[in-house]
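1. sequence plus the predicted model coming up.
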Amino acid sequence: MKYFVPLLFLLATISFAQQSRADALIINKSMLASNIIEFYVDDEGVTAELEIGLDSVPLFKNLLPDGVYQQMGFGSEVSSLRQQEFFSKQLALLGANNIPLAGEVLAIGPSRKLLRDPLNGTPLAIQDEAPDIVRASLRYRFEPGLKPEQLTFVAPAPGDTGFVAYHNEVAVNDFRYLRSGYTLVLDWQDPWYSRFKSRSMLRQYSAPMSGFIYVESFEVRKEIIARPKDLQRWIDLGLEGKSTIPVEMQAEIKLKVADFLSRHQPVTIDGERREGILDSINFLERTLTSSRVVDPPVPLGIDAAILGAIFVYPQKGLPQKVTMDWDLWDERITRVPVSAVDQAGPLPSFLEPDWTQLEWTNFLTNPIVPTLEVIEPPVDGWKLTLAKGFPVTVILLLPSLGWVYLTIKKQKPRTLPASVAILFVAACLAAFLLRESNRIQPERAEVIVGKLLHNIYRSFDYRDESDIYDVLERSVTGELLTNIYLETKRSLVLANQGGAQAKVKSVLLDNLELKPTADDNGFNAEVNWTVNGSVGHWGHVHQRSNRYQAVLTIVAEQQQWKLREMVVLQEERL
């Protein structure tokens, strides 16, 4: 902090421009380093955006203007000499024949550190507690008309400096600590294939194509990720000579790619070649831990643009064997990451021209097959009517007892009045017992509600809307049927994943409190429950949990307990 006050005062009048760039693509400690450098390689040179922690200012002191440098007690050397040393020895980029590129300071000034999401590395919208830093923008220039085949990095003295490099908007590496000697080989024909020589610097999502199969009880899915620029070598997408994919072209490109992929990477289920149903195809933005659909559409750089297509194969029961044959190979596509995903999780592997088949075999010892819970039915209608008639039976019992009393007193035949009295006593006792047995106690309500919620969510294991409605109708009645379908569907679908739907693993009832009701045909309850599920998408399985609080109205209908009304009080993503 000792450097911040003079820096703030002396640099306040220096021009400062921060360029907007893509966020980093990995989560690790280097992404949270005190100093961050992002390198952006283009056709004419390299721009470096620096975040310099205040304690690291001495490492980068040669970037400071003369006045600041002198006021901070670093000496009296002029900036032209200091910057020449900095760009040649301290933070240098070596081009052809290991000659340092000429560099200059575009802007420098006080700022705040860019805080990133700890899960996926994306910049956070709220930066109120971001620490103070010095931000600098540097420019390294190529010789006019010359593009180096590679760049070698010379880093400042060992310190806490994380970095990521981009070539024409394509991330070359995930965040790593910067060290001297890293060499970046540049592919000027297609920046996607630019690489650091060290394999440890290979970014996670470096493959231009990848494929996945998901095996579930009611469906098998094939998911293919591919760059339109690579597919252009097999199918004319109208991209020749373009640097961006404008919005107006994207719909047609998606249709062409969907049709093309439907005829490739064939899927066989239990020995039968199957034709898939296109579920969705979207342009994607990928980060280390997730992918999201680019929505609304925006113009996309052709080098970094990615498409994700999902094909569905409806299934009844868990298959025994599923295969996908990869049939797209050329000089660029020589190794394809793939994964087979089932209830046990993903099993990643790689396909190559001499090993082209991704195979899944059912080795699950105790597969979880979605089933519906059997709910104890409500009391039969005639029994319920008798229970409601308890006050009437009590009223009728009294005169019958009086009749028996009079016959005894007058010494008249007592068979008929006694029989009538016994009948009313039995009816009264039966009505009382049925009334008590039909009374909903908290323990019984928890069982009924828990099983109803389980069956409601289980209905969404089916894919066809008609099947979902058929199963859902067993647990929901009235106008709520459609509302429950739409609301539950919304809560399970990930809009930013192109419609991927979470599969519910468990429904846990956390708390239930009975509420007063004027309807003897059911009960009201305020309920808290938690839904645990998972989403399998693009080779990953993500766990997801939602907690709900709602007032439920449960009624007896056609000898079944059904949900008639639901007022959601709170919904929380855990």
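-> Everything's here; your move. Residues are numbered from 1 along each chain as shown.
2. so who does residue 278 touch?
-> 258, 262, 309, 310, 311 (C-beta atoms under 8 Å, 6 or more residues apart in numbering). Where you see a C-beta, it was placed from the backbone N, CA and C, and this is true even at glycine.
3. that one: which element?
-> Here residue 278, judged by DSSP states H and E, is contained in strand 277-286.
4. ok so, going back, out of the contacts of residue 278, give me the two with the largest separation.
-> For the contacts of residue 278, the farthest-apart pair by C-beta to C-beta is 262 and 310; their separation is 11.3 Å.
5. more neighbours: which of these two?
-> Each of residue 262 and residue 310 has its neighbours counted (other C-beta atoms under 10 Å); residue 310 has more, 24 against 17.
6. please report the distance of that one from residue 258.
-> 10 Å (C-beta to C-beta, to the nearest Å).
7. give me the common contacts of the two.
-> 278, 281.
8. and residue 413, helix, strand or coil?
-> Counting by DSSP: H, G, I helix; E, B strand; the rest coil, the backbone at residue 413 sits in coil.
9. what sits against it?
-> Residues near residue 413 by C-beta under 8 Å, 6+ apart: residue 407.
10. pull up the gap between it and residue 419, please.
-> 11 Å.
11. helix, strand or coil for residue 324?
-> strand.
12. nearest spatial neighbour of it, chain-adjacent residues omitted?
-> Once flanking residues are discounted, residue 324 sits nearest to residue 358: 4.6 Å by C-beta to C-beta, 6 or more residues apart in numbering.
13. which strands and helices sit next to the helix or strand containing that neighbour?
-> Take DSSP H and E as the rule and residue 358 turns out to sit in strand 357-361. On a contact count with 3 or more C-beta pairs under 8 Å, 6 or more residues apart in numbering; DSSP states H and E, strand 357-361 meets strand 209-215, strand 321-325, strand 336-342, strand 345-351.
14. just the ones you listed: most buried one?
-> strand 209-215 (a mean of 24; mean count of other C-beta atoms under 10 Å).
15. pairing partners for the helix or strand just after it, with directions?
-> Counting by DSSP H and E, the next helix or strand C-terminal to strand 209-215 is strand 219-226. Strand 219-226 pairs in its sheet with strand 209-215 (antiparallel), strand 306-314 (antiparallel), by DSSP bridges.
16. and those strands as JSON lines, adding distance to residue 85 and mean pLDDT?
-> Listed next are the strands paired with strand 219-226 as JSON lines, based on distance: least, C-beta to C-beta, whole Å; pLDDT from 0 to 100:
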{"stretch": "strand 209-215", "distance to residue 85": "45", "mean pLDDT": "94"}
{"stretch": "strand 306-314", "distance to residue 85": "42", "mean pLDDT": "92"}
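17. out of those strands, nearest to residue 235?
-> Proximity to residue 235 (C-beta to C-beta) singles out strand 306-314 among the strands paired with strand 219-226, at 12.0 Å.
18. so which bits of the closest one are buried?
-> For strand 306-314, a neighbour-count test (16 or more other C-beta atoms under 10 Å) marks 306, 307, 308, 309, 310, 311, 312, 313 as buried.
19. quick check, nearest of these to residue 517?
-> Comparing the buried residues of strand 306-314 against residue 517 with C-beta to C-beta places residue 312 closest, at 42.9 Å.
20. look up how far residue 537 lies from that closest one.
-> On the measure of C-beta to C-beta, residue 312 and residue 537 end up 13 Å apart.
21. go on, residue 326?
-> Taking C-beta to C-beta, one finds residue 326 at 20 Å from residue 537.
22. not counting sequence-adjacent ones, nearest residue to residue 69?
-> Residue 69 sits nearest to residue 61 (C-beta to C-beta, 6+ apart), 6.4 Å away.
23. got a list of what that neighbour touches?
-> Taking C-beta under 8 Å, 6+ apart, one finds 69, 72, 74, 82 in contact with residue 61.
24. okay, and which of these map to helices?
-> Counting by DSSP state H, the part of these found in helices is 69, 82.
25. ok, the contacts of residue 61 vs residue 458, which is closest?
-> Of all these, residue 72 has the smallest distance to residue 458: 67.3 Å, by C-beta to C-beta.
26. isn't that closest one up against residue 65?
-> No: counting by C-beta atoms under 8 Å, residue 72 stays clear of residue 65, with 10.7 Å between them.
27. tell me where the stretch 351-500 of the chain has helices.
-> Secondary structure of the stretch 351-500 of the chain (DSSP state H, counting those that start in this stretch): helices at 381-388, 390-409, 415-437, 442-458, 465-472, 480-492.
28. just give me the lowest mean pLDDT stretch among these.
-> Least confident of the helices of the stretch 351-500 of the chain, judged by mean pLDDT, is helix 381-388 with a mean of 52.
29. after the strand holding residue 278, next one along is what?
-> That would be, after strand 277-286 and using DSSP H and E, strand 291-293.
30. run the chain-centre distance for whichever strand or helix holds residue 536.
-> Under the criterion of DSSP H and E, residue 536 resides in strand 522-537. Centroid separation for strand 522-537 versus its chain: 19 Å, with C-alpha atoms, centre = their mean, to the nearest Å.
31. buried residues of it, list them for me.
-> For strand 522-537, the neighbour count (16+ other C-beta under 10 Å) marks 522-525, 527-529, 531, 533-537 as buried.
32. repeat that for stretch 77-94.
-> Neighbour-count burial for stretch 77-94 [16+ other C-beta under 10 Å]: 79, 82, 83, 86, 87, 88, 90, 91, 92, 93, 94.
33. repeat for stretch 52-63
-> Of the residues in stretch 52-63, those buried (16+ other C-beta under 10 Å) are 52, 53, 54, 56, 57, 59, 60, 61, 62, 63.
34. who does the nearest residue to the fourth one once chain neighbours are set aside bridge with?
-> Counting by C-beta to C-beta, 6+ apart, the nearest residue to residue 56 once its immediate chain neighbours are dropped is residue 35, at 5.1 Å. Taking DSSP bridges, one obtains residue 161 as the residues bridged to residue 35.
35. per-residue pLDDT, residue 35?
-> Residue 35 is assigned 93 on the pLDDT scale.
36. is it true that it touches residue 155?
-> No: with contact defined as C-beta under 8 Å, residue 35 does not count as touching residue 155 (10.3 Å).
37. between those two, which has more neighbouring residues?
-> residue 35 (23 against 19).
38. picking up where we left off before, next structured bit after the strand holding residue 536?
-> Next along from strand 522-537, by DSSP H and E: strand 540-557.
39. show me what that next one is packed up against.
-> Using 3+ C-beta pairs under 8 Å, 6+ apart: strand 540-557 touches strand 345-351, helix 442-458, strand 522-537, strand 560-573.
40. give me the mean pLDDT for it.
-> pLDDT averaged over strand 540-557 gives 83.
41. just the buried residues of that strand, please?
-> For strand 540-557, by 16+ other C-beta under 10 Å, it's 540-542, 544-546, 548-550, 552-556.
42. likewise for stretch 325-335?
-> 326, 328, 329, 333.
43. how about that stretch as PDB, C-alpha atoms only?
-> The C-alpha coordinates for stretch 325-335 follow below in PDB (Å, rounded to 0.1, in the frame of the first residue of the first chain):
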ATOM      1  CA  ASP A 325     -18.100 -44.300 -35.100                       C
ATOM      2  CA  TRP A 326     -16.100 -41.100 -35.800                       C
ATOM      3  CA  ASP A 327     -15.700 -40.600 -39.600                       C
ATOM      4  CA  LEU A 328     -14.300 -37.100 -40.000                       C
ATOM      5  CA  TRP A 329     -10.500 -37.200 -40.300                       C
ATOM      6  CA  ASP A 330      -7.900 -35.000 -42.200                       C
ATOM      7  CA  GLU A 331      -4.500 -33.400 -41.700                       C
ATOM      8  CA  ARG A 332      -5.900 -31.200 -39.000                       C
ATOM      9  CA  ILE A 333      -8.300 -33.600 -37.300                       C
ATOM     10  CA  THR A 334      -6.000 -36.400 -36.000                       C
ATOM     11  CA  ARG A 335      -7.100 -36.800 -32.400                       C
END
